[in-house]
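I would like the atomic coordinates for the input below:
(chains A and B)
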Amino acid sequence: DQQVKQNSPSLSVQEGRISILNCDYTNSMFDYFLWYKKYPAEGPTFLISISSIKDKNEDGRFTVFLNKSAKHLSLHIVPSQPGDSAVYFCAAVYGGATNKLIFGTGTLLAVQP
Amino acid sequence: GAVVSQHPSWVICKSGTSVKIECRSLDFQATTMFWYRQFPKQSLMLMATSNEGSKATYEQGVEKDKFLINHASLTLSTLTVTSAHPEDSSFYICSARPGQGRSYEQYFGPGTRLTVT
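Have a look, this model is predicted:
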């Protein structure tokens, strides 16, 4: 049972335009969400996070939006750059002491020059 | 800061042999380390959580006798795949959480590609 889903396996965007990556979750007990970027044969690198008590967090070109009622979050990258091309994973954290990360299935972003 | 290394980066072994993968936090102490595996074009699946000095906690469906985890110090955790079979071929990634870090803060290693022939 996939609790965190990224329904778009891939996305292609022109350089300079906005990239929007989406993520849906089913468990209302998640209290923190993170986005990671991953290149092939490398470990994920942290991009940006958001607490469940917020609806937006911004860091430079990256903004994450959270809609708790819809159990949906999105990552916006503006402007997109070719170096942003990678697989993006959203991840959710259970509340409490377990601190386990539950990863989504990933979206491959290709930014065309 | 917050660098995590893994060794080896890739390994090929014969069916039936055992392989050890090391995960080290280079510039911080990690009270908790996590082991994940990733199949091609799939998500990262948590295998186990290890706390320094205690037994690892395995996720449902992960055989603890097959995937031996040792977290002997605050900077080193090892995963040993025992009696490896071709279906164990995968990309194994560790992560480490700083002792003083926020509970969800994890830093990932570069991963180890295991191929069992």
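
Distance check, B:S90 against B:N70.
B:S90 sits 20 Å away from B:N70, going by C-beta to C-beta, to the nearest Å. C-betas here are computed from N, CA, C, even on glycine.

residue contacts, the one residue in chain A that gets nearest to chain B?
Using C-beta to the nearest C-beta, the closest approach of chain A to chain B is made by A:G43 at 3.3 Å. Neighbour list for A:G43: B:4, B:6, B:93, B:95, B:108-111 [criterion: C-beta atoms under 8 Å, 6 or more residues apart in numbering or on different chains].

what does B:W35 give?
Contacts of B:W35 by C-beta under 8 Å, 6+ apart are B:23, B:46-48, B:50, B:67, B:69, B:77, B:79, B:92-94.

quick one: which of these sit in helices?
Counting by DSSP state H, no part of the contacts of B:W35 is found in helices.

what's the closest non-adjacent residue to the residue of chain A closest to chain B?
In this structure, A:G43 finds its nearest non-sequential neighbour in B:F108, 3.3 Å apart by C-beta to C-beta, 6 or more residues apart in numbering or on different chains.

State the paired neighbours of the lowest-mean-pLDDT helix or strand in chain A in the sheet, together with their directions.
None of the helices or strands of chain A scores lower by mean pLDDT, DSSP states H and E than strand A:101-103, at a mean of 89. Paired neighbours of strand A:101-103 in the sheet (DSSP bridges): strand A:86-94 (antiparallel).

what's the neighbour count on A:V87?
Residues lying near A:V87 (other C-beta atoms under 10 Å in any protein chain shown) number 19.

Give the bridge partners for it, please.
A:K38, A:L108.

what is whichever residue of chain B sits closest to chain A paired to in the beta sheet?
Of all residues in chain B, the one sitting closest to chain A is B:F108 (3.3 Å; C-beta to the nearest C-beta). Listed by DSSP bridges, the beta-bridge partners for B:F108 are B:S95.

and it, what does it touch?
A:36, A:43-45, B:4, B:93-95.

of those residues, closest to A:K56?
For those, the minimum distance to A:K56 (C-beta to C-beta) is 18.9 Å, reached by A:Y36.

For the closest one, give its distance to A:Y94.
17 Å.

Which one's more surrounded, the two?
When A:Y36 and A:Y94 are compared on other C-beta under 10 Å, the one with more neighbours turns out to be A:Y36, at 24 against 17.

quick one, phi/psi of the residue positioned nearest the centre of chain B?
Closest to where the C-alpha atoms of chain B average out (C-alpha atoms, centre = their mean) is B:W35, at 3.5 Å. Main-chain dihedrals, B:W35, degrees, to the nearest 10: phi -120, psi 130.
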